[in-house]
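Visitor: Fold the stuff below for me.
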Amino acid sequence: MVNYAIVKDEKFGYYKLDPTPSQEDVERYYLEEFYSAEYKNFNNSLLKVQKKDQDFFDSRWEKICEIIEEFHGDLAGRSLFDIGFGFAQALIYFKKQGLEVSGIEPSPEGVDYARSQGLDVYKGGIEEFDIVKQKFDVVTLNNVLEHLRNPYDVLVSIKDKLLKDNGLLAIDVPNEYNAFQVIANEEYGLKEWWVCPPNHINYFSCKSLSKILEAAGYEIVSQDASFPMEMFMLFGDVYVGNAEVGKECHQKRVRFEKLMAKYGKSDKLKKFYKALAELELGRNAIVYCTPKTN
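Guide: Got it, this is the predicted structure:
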């Protein structure tokens, strides 16, 4: 068994596993564990979880649609490609909004489900872009970049092979080593619970994600964050290793966002999350960018 260390990438500033897991180790992990029928995080039980919490997930996709509209205008007729689409819940939502959608996914379960919903998608590795024969107005990369052995190379490949010159790339990654997380880790002796090799290879913040994107030839359009879940642990609600507490904290977050919308404070909520991104806080870091023009 490999003993991994966490090191800071000297060029881009994100954290990563050292040594980088071999391609064979990564493929073995996903084949034998991540996509196995027994693995609870990717099978029909995950689809049931997503369906049960559909309002929450749809709110995430709604935010992406708002940014697309700000950038491109009307959604109708715009094309969108989702890399690593899982059970295609985002693609189904985007299609309902008028976008022409496609994507790529390595798991047969996800691909079969997407096709059963009438979606035209590709089965392949999440770096196998040569099989895709067109470019898109929007490319989404949700909770994928942290898994990749060579994130810089993949970002360049997306720009060159998938994204139109005036296209929009939306990336959502876990925001790791943020201040709330580090404090909770120290206070409760949680042993950096967010480090999980070889599943997560890279650990980003908004700042380091933007830095690698700019180096790969993108211009940053906007930065965002999601609710700072680790703040609950600073209140004393330690959800690491306690699924019931985790569910309670999640429902509190959902209620907070729903009430902000219900009472007409959605604009303040957006500003709140953008401010969190500036502070490198929030459970997820979200960056929107477009290819640089020469």
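Visitor: strands paired with the lengthiest strand in the chain, and their directions?
Guide: Criterion DSSP state E: the longest strand present in the chain is strand 163-174. Looking at strand 163-174 with DSSP bridges, its partner strands are strand 136-142 (parallel), strand 284-291 (antiparallel).
Visitor: In a markdown table, list those strands along with distance to Tyr29, mean neighbour count and mean pLDDT.
Guide: Yep, even glycine has a C-beta here, placed from its N, CA and C like the rest. Output for those, formatted as a markdown table (distance: least, Cβ to Cβ, whole Å; neighbours: other Cβ atoms under 10 Å; pLDDT from 0 to 100):
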| stretch | distance to Tyr29 | mean neighbour count | mean pLDDT |
| --- | --- | --- | --- |
| strand 136-142 | 20 | 23 | 97 |
| strand 284-291 | 23 | 23 | 98 |
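Visitor: just the helices in the stretch 101-250 of the chain please.
Guide: 108-116, 151-161, 179-188, 206-215, 231-235, 243-262 (DSSP state H, counting those that start in this stretch).
Visitor: Can you list the buried residues in the shortest one?
Guide: This means helix 231-235. 231-234 (16 or more other Cβ atoms under 10 Å).
Visitor: For the chain, give me the ranges with low pLDDT.
Guide: 1, 30-46 (pLDDT under 70).
Visitor: make it 90
Guide: 1-3, 22-57, 86, 106-109, 125-128, 293-294 (pLDDT under 90).
Visitor: From Arg255, how far out is the spatially closest residue to Phe256 that is not a sequence neighbour?
Guide: Excluding the flanking residues, the one nearest Phe256 by Cβ to Cβ, 6 or more residues apart in numbering is Phe227, at 7.1 Å. Applying Cβ to Cβ, to the nearest Å, the value for Phe227 to Arg255 is 11 Å.
Visitor: between the two, who's got more neighbours?
Guide: Phe227 (22 against 11; other Cβ atoms under 10 Å).
Visitor: That one contacts Ile286, doesn't it?
Guide: No: if you go by Cβ atoms under 8 Å, Phe227 and Ile286 don't touch, sitting 11.9 Å apart.
Visitor: that older thread, give the contact list for the residue nearest to Phe256.
Guide: Shown in contact with Phe227 (Cβ atoms under 8 Å, 6 or more residues apart in numbering): 253, 256-257, 273, 282-283.
Visitor: before we move on, what about Ser266?
Guide: Met260.
Visitor: For it, grab phi and psi.
Guide: Ser266 adopts backbone torsions of phi -60, psi -40, taken as degrees, to the nearest 10.
Visitor: and it, how far is that from Val195?
Guide: 34 Å.
Visitor: Now for the nearest residue to Ser210 once chain neighbours are set aside, how many residues are close by?
Guide: Once flanking residues are discounted, Ser210 sits nearest to Ile220: 5.2 Å by Cβ to Cβ, 6+ apart. Applying other Cβ under 10 Å, we find 15 residues neighbouring Ile220.
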